[in-house]
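Engineer: task: produce atomic coordinates for the following.
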Amino acid sequence: MLRDKFNSAMKEAMRSKDRRRLSTIRLIMAAVKDRDISVRTESDSKVGDSEIIDILSKMVKQRNDSIKAYQDAGRLELAKQEADEIDIIQEFLPRQLDEQEIEVAVKNAIEKTSASGLKDIGKIMASLKGDYTGQMDFAKASAMAKGLLS
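Structural biologist: The predicted structure is shown next:
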């Protein structure tokens, strides 16, 4: 379970006195705890690993956006800090698919959903999100699907 990995990684970061790693893992745990609180309605439910992977993916995307902004502003030290955080967060994510693997997955999803035109993009993306959560850039996959269907 990812929560156990976070706790182990945090303890290791404390032992090795790696401040950047420790603060990033604490940010991850805070984001997960925040989501736990938001879904806690009538039961003591906690979010599962798939939703934690979604949280981590969003954190990576936010940091990529920040890197662009910092680079445009000439704040390279802050961009480096964000890149370091991305590296730490990605340790907990499943391996990302490369461009060729994404293309194969998109072609399989098109066959699986019997998609015939651009109107079926939603079906394809739903299929991909179900099978490859946290493993691919869905914007790239959507663009590939549109290219293959048009």
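Engineer: how about the residue in this protein that sits furthest from its center?
Structural biologist: For the chain, the residue at maximal distance from the C-alpha centroid (C-alpha atoms, centre = their mean) is residue 116, at 29.1 Å.
Engineer: list the contacts for that one?
Structural biologist: Neighbour list for residue 116: residue 149 [criterion: C-beta atoms under 8 Å, 6 or more residues apart in numbering]. C-beta coordinates here come from the backbone N, C-alpha and C atoms, glycine included.
Engineer: just the element for it, please.
Structural biologist: Residue 116 belongs to no helix or strand when elements are defined using DSSP states H and E.
Engineer: quick one: it and residue 126, what's the gap?
Structural biologist: Per C-beta to C-beta, to the nearest Å, residue 116 is found 16 Å from residue 126.
Engineer: spatially central residue in the protein, please.
Structural biologist: residue 57 (1.6 Å).
Engineer: wait, it touches residue 136, no?
Structural biologist: No - using C-beta atoms under 8 Å as the test, residue 57 is too far from residue 136 to be in contact (9.8 Å).
Engineer: let me know the pLDDT of residue 47.
Structural biologist: Note on residue 47: pLDDT of 83.
Engineer: got any ranges where the chain has weak pLDDT?
Structural biologist: Low-confidence segments of the chain (pLDDT under 70): 41-44.
Engineer: just the helices from this structure, written as ranges.
Structural biologist: All helices of the chain, identified by DSSP state H, fall at 2-16, 19-39, 49-72, 76-90, 99-113, 121-131, 138-149.
Engineer: would you mind getting the angle between the fifth one and helix 138-149?
Structural biologist: Per axes from the mean of the first three to the mean of the last three C-alpha atoms, to 10 degrees, the angle that helix 99-113 makes with helix 138-149 is 60 degrees.
Engineer: give me every residue that touches residue 117.
Structural biologist: Neighbouring residues of residue 117 by C-beta under 8 Å, 6+ apart: residue 149.
Engineer: ditto for residue 96
Structural biologist: With C-beta under 8 Å, 6+ apart, residue 96 has these contacts: 90, 135, 136, 137.
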